[in-house]
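> fold the following.
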Amino acid sequence: MISVSEAAARLKLSRTTVYDWVDKGILLAWRGTKRGLTIPAEQILGEGRVLDGLNDVVEAIGDAEIAWEYLSTETTFGGRIARPIDLLKDGQIDDVIGAAASYGTAIT
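Predicted coordinates:
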């Protein structure tokens with residue numbers, strides 16, 4: 001987990017843009033108790049690049065923190081065990097989003 005400043009540095013963007021991306025659902029983050037935003041670093045792929053499908057996962061689950069729990073926990077997909085975030089990296093966005101909807105209803 002990283003701060004807004006660290007995310008901005010990794011993305012090579014301003015802190016203002018990081019906040020804007022969080023508000024638009026481009027970057028997954030949630031409010032921490034004392035540190036401000038909590039941002040999972042693994043979603044950042046490089047300069048100006050984050051994983052596709054994050055906003056859809058958050059929308060399916062309804063909460064960014066629970067969405068991150070889902071993305072980072074191994075589960076069964078088509079007979080194999082994998083973390084959903086790794087499947088997003090492999091471009092299997094529809095599979096991850098489809099499973100997210102049932103994860104969200106099971107948790108909430």
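> tell me the contacts of E42?
For E42, the contact set (CB atoms under 8 Å, 6 or more residues apart in numbering) comprises 72, 85. Every residue, glycine included, has its C-beta placed from N, CA and C.
> how is this protein carved up into domains?
The chain is divided into the following domains under automatic domain parsing: 1-48, 51-108.
> which of those has the lowest average pLDDT?
With a mean of 89, domain 51-108 has the lowest mean pLDDT of the domains of the chain.
> give me the distance between that domain and the centre of its chain.
Mean-position distance between domain 51-108 and its chain equals 9 Å (CA atoms, centre = their mean, to the nearest Å).
> what ranges do the helices span in this protein?
For the chain, applying DSSP state H gives helices covering 4-11, 15-24, 54-61, 64-72, 84-89, 93-107.
> what's the fifth one packed up against?
With contacts defined as 3 or more CB pairs under 8 Å, 6 or more residues apart in numbering; DSSP states H and E, the secondary structure elements packing on helix 84-89 are helix 54-61, helix 64-72, strand 75-77, helix 93-107.
> so what does the shortest one touch, helix or strand wise?
Yep, that's strand 75-77 we're talking about. helix 84-89, helix 93-107.
> buried deepest among those, which one?
helix 84-89 (a mean of 20; mean count of other CB atoms under 10 Å).
> any idea how far apart the tips of stretch 22-38 sit?
Terminal residues of stretch 22-38 lie 11 Å apart, using CA to CA, to the nearest Å.
> how about the residue most central in space within the chain, nearest residue that isn't a chain neighbour?
In the chain, the residue lying closest to the centroid (CA atoms, centre = their mean) is L28, at 4.3 Å. Of all residues not flanking L28 in the chain, L54 sits nearest, at 4.8 Å (CB to CB, 6 or more residues apart in numbering).
> sweet, I'm off.
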